[in-house]
Each structure stands twice: as C-alpha cells, then as structure tokens.
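In: my questions are about this predicted structure, shown below with the sequence.
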Amino acid sequence: MAIPKEELLKRFAGGQRAALSKIITLVENHATSFPDVLDELYPRTGKAYRIGITGPPGAGKSTLVSSLVQTIRTTEKTVGVIAVDPSSPFTGGALLGDRIRMQDIGTDPGVFVRSMATRGSLGGLAEAAGDVADVMDAFGKDVVITETVGVGQCELDIAEACYTTVVVIVPESGDAVQDMKAGLMEIADILVINKSDRDGAEQIARQTRAMFELRDERNGWDPPVILTVAFKGDGIPELYGHIEKHRQFLAESGLLEKHRQSNVEATIKAIVESDLHSKTWNEATLDRLEALVGDVMVGKVTPRQASGVILKMIEGP
Ligand SMILES: Nc1nc2c(ncn2[C@@H]2O[C@H](COP(=O)(O)OP(=O)(O)OP(=O)(O)O)[C@@H](O)[C@H]2O)c(=O)[nH]1
Ligand SMILES: [Mg+2]
C-alpha cells in the first residue's frame, strides 16, 4: 500500500474522500490489510440508515436513486450510494446526463457513489457489498443506499440486508405480475411502480395492492405501492416519506434491533464460511483433488469417499 495504513485511517477520519475511495478499494480487493482496516472501522459503524433498491434490469433504479438522493440532501443528511453490478453504468446517463434534476449529485460533496462489479473468486458479493456499506457508514454517511439488479438470490440478499427494501418495477411487468418471481415481492417493504408515465401503471398498482392484501401482514407493516416518474422526480418525496415511516416503524417495534442482530449473525457466518473455504483449498488439497478425480473416474473410490480424504487432510491427524 502506497500510504501507510495509519495515515490512511487518519485521512479517512478527517473526512477525505480520497481515503474513503482507497479504503473501499482495499476492501473490495481483499488486500491483506483489509480485515485489520474493517476491524478498526467497525466501532464507528451502526449510525447510517441502510436502504436497498432492487428491481429488474432497466427499471429506472439508478434514475430513482439519483432523484431520491436529491430529496434526502434537502434534509442536509449525507448519502453513500453503492451500485452493485449495474447492467448500465451508474455514472452514465442516469447520473450525470442531460436530466437537469440529476446533474447535482455527481459533484455534491455530501454524496459518494461507488459501483461494484461482480466478484470472481475473491469472496461473496453480498459480503463485499456489506463491507463497503460499513465503510461508508464509518465514514459518517447518514444514509447508505445499495442498488442491486433483483434477478439473483445474492442480489436479493443484499437488498434485504438493508433496513428498508424498495422494490422497483415498471408497468410493462403488468402481465407478469402473477408469475413475478415471488422473491422480489416477498422482500418489498415499499413497492414502486416507476415509469408510471407509461400505460398500465394504475392497473399494475391495483394488481400489486391486491396481492399485498392477500398475503399475511409482515410483522404489522403493509407495504405501500407508489407510482413514480423517476426522471421527473414525480413521487420521490412521497417515496422518501414512506421510507421514513418504515424507519420509524422498525425503530418503535424493535424490529430494527432484530434486523441488525440477524445481519451480524449473517456476517459472522459468511466470514467463517469464506475463511473455511480459503483454508480448504490450498496447493496440497488441490493436488490431491486432481488425483482423486482420476480415482473416481476409474471407479476406485466414490466422490463421497474422495471428499473424506480431503476433509481428513484439513482436519489433520
Ligand atoms: N419513461 C420513463 N423512463 C424512465 C423513467 N425512469 C428512468 N427511465 C429511463 O429508463 C432507462 C433506464 O434507467 P436506469 O436508471 O439506468 O435503470 P436501472 O434500473 O438503474 O438499470 P440497470 O442498473 O441497468 O438495471 C433510462 O433511459 C432512463 O432515462 C421514468 O420514470 N419514465
Ligand atoms: Mg442502475
């Protein structure tokens, strides 16, 4: 690392954006210093309110986030944004493009935006997204918004690790509502029908409200359904109002504390699992694996017997 860790942490504590950016990179790349750095920062986390925004590709999530950030900024709160594996670049049209309303957030010192690509073998995407959110939290962001494309379980998990999950769909999903992946609807604390300047928005709103009425209330919270036109900012203050209401609901019912606890549990498990994984596969076990594959192929051992051999190697004598 070019800058010594102590100096980097000092700059981070002093509110320097470059240090924030650098630490996120360390964390993302699993640099050797990253567990230390995260441990140093951990006591400073726990203050940021975490909002997850998820939905199908191209639903207008980034545009909505830009607009939401502007609404939040009118309250002087600072915001961190994490865009996980966006199919279109967050810093492109939606953020800095020709939409006058969107222009400010890219240069606003109270806003920090970071895109994260899918991680290869370095560890779980969910774990990394959680770590980056922790870093922004420790930096002092009042709100951290994570945008994920809600198509995979991992992305849904990331969204649900946030305190308030906003699911964004579009009128075109209308016919698909019945067989809409249950997962997406299940995790919604707030449902947004974006692009409601298009036909069918009211209809899908009615359908989804009916769906929500049929199912059991989630711990006493009824997910509101809101119509928005993200690039005009229509419906965004209303959305923020519902996010605040949900936050209040969680705090007063004690569910926020429970949510935090289950996030801590998930984090500990994820670290244990990823450490076990990296301890398992070293040069010796990988060599043995290759040999065992051959043995299985010629019928000398079964896959289960082969895995027993590997497990014995790890457990030691
Ligand atoms: N008509 C209409 N178009 C919108 C609205 N909101 C966003 N869009 C457009 O939809 C397109 C996709 O917007 P994005 O904000 O990039 O969508 P996204 O969901 O973040 O996309 P991915 O991150 O790639 O999944 C852009 O061309 C936006 O300008 C809206 O309310 N109405
Ligand atoms: Mg996006």
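Out: Here it is on my side, so go on. Numbers count the residues shown, from 1 in each chain. Ligands and ions are numbered 1, 2, ... in the order given.

In: going forward, measure contacts and count neighbours with C-alpha atoms only.
Out: OK.

In: is Gly58 in a helix, a strand, or coil?
Out: Three-state call for Gly58 (DSSP: H, G, I helix; E, B strand; the rest coil): coil.

In: and it, how far from Thr148?
Out: According to CA to CA, to the nearest Å, Gly58 and Thr148 sit 11 Å apart.

In: tell me which of those two has more neighbours.
Out: Thr148 (30 against 15; other CA atoms under 10 Å).

In: just the element for the more buried one, please.
Out: Assigning secondary structure by DSSP states H and E places Thr148 in strand 143-149.

In: for the chain, which segments count as strands?
Out: Applying DSSP state E to the chain gives strands spanning 49-55, 79-84, 111-116, 143-149, 164-169, 190-193, 225-227.

In: any residue of the strand holding Thr148 up close to ligand 1?
Out: Yes - against ligand 1, strand 143-149 shows contacts by CA under 6 Å from any ligand atom at Val149.

In: tell me the strands beside that strand, with direction?
Out: When pairs are called by DSSP bridges, strand 143-149 turns out to pair with strand 49-55 (parallel), strand 79-84 (parallel).

In: between these, which one is nearest to Ile158?
Out: strand 49-55 (7.6 Å; CA to CA).

In: pLDDT on that closest one, on average?
Out: Across strand 49-55, the average pLDDT comes to 95.

In: okay, it in CSV with CA atoms only?
Out: Below are the C-alpha coordinates for strand 49-55, written out as CSV (Å, rounded to 0.1, in the frame of the first residue of the first chain):
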residue,chain,number,x,y,z
TYR,A,49,-29.7,4.1,7.7
ARG,A,50,-29.5,1.5,5.0
ILE,A,51,-31.9,1.4,2.1
GLY,A,52,-31.9,-1.3,-0.6
ILE,A,53,-33.3,-0.5,-4.0
THR,A,54,-33.8,-3.5,-6.3
GLY,A,55,-35.8,-4.5,-9.3
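
In: quick check, pLDDT for Glu28.
Out: pLDDT, Glu28: 84.

In: re earlier: chain center to the strand holding Thr148, what's the gap?
Out: Here strand 143-149 is found 5 Å from its chain centre; the criterion is CA atoms, centre = their mean, to the nearest Å.

In: now the residue nearest the centre of the chain: how far from Ile82?
Out: Nearest to the geometric centre of the chain sits Ile158, at 3.8 Å (CA atoms, centre = their mean). For Ile158, the distance to Ile82 (CA to CA) stands at 11 Å.

In: what's the neighbour count on Gly308?
Out: Using other CA under 10 Å, Gly308 has 11 other residues around it.

In: repeat for the one 4 residues further on
Out: The number of residues packed around Lys312, counting by other CA under 10 Å, is 10.

In: isn't Ser62 up against Glu147?
Out: Yes - between Ser62 and Glu147 there is a contact under CA atoms under 8 Å: 7.3 Å.

In: can you pull the contacts of His246?
Out: 164, 189, 221 (CA atoms under 8 Å, 6 or more residues apart in numbering).

In: should've said Ile314
Out: Applying CA under 8 Å, 6+ apart, we find Ile314 in contact with 279-280.

In: got the residues of the stretch 151-300 of the chain near ligand 1?
Out: 194-195, 197, 229-231.

In: let's see that with 8 Å instead.
Out: Taking CA under 8 Å from any ligand atom as the contact definition, the stretch 151-300 of the chain meets ligand 1 at 194-198, 228-232, 234.

In: quick revisit: mind checking which of the strands paired with strand 143-149 is nearest Thr208?
Out: Across the strands paired with strand 143-149, the minimum distance to Thr208, taken as CA to CA, is reached by strand 49-55, at 14.5 Å.

In: now the angle from that closest one to strand 164-169?
Out: Here strand 49-55 runs at an angle of 20 degrees relative to strand 164-169 (axes from the mean of the first three to the mean of the last three CA atoms, to 10 degrees).

In: report the contact partners of Ala188.
Out: 165-167, 223.

In: I meant to write Val135 there.
Out: Counting by CA under 8 Å, 6+ apart, Val135 touches 20, 23-24, 38, 41, 45.

In: give me the number of residues near the closest residue to Ile243 other than its chain neighbours?
Out: Nearest residue to Ile243, sequence neighbours excluded (CA to CA, 6 or more residues apart in numbering): Thr164, at 6.8 Å. Around Thr164 there are 25 other residues, counting by other CA under 10 Å.

In: now do Thr164 against Gln207, distance only.
Out: Between Thr164 and Gln207 the computed distance is 22 Å (CA to CA).

In: return the helix or strand in this structure with minimum mean pLDDT.
Out: Within the chain, confidence by mean pLDDT, DSSP states H and E is lowest for helix 93-96 among all helices and strands, at a mean of 38.

In: and Ser88, what's its pLDDT?
Out: 50.

In: same deal with Ala117?
Out: The model's pLDDT for Ala117 equals 72.
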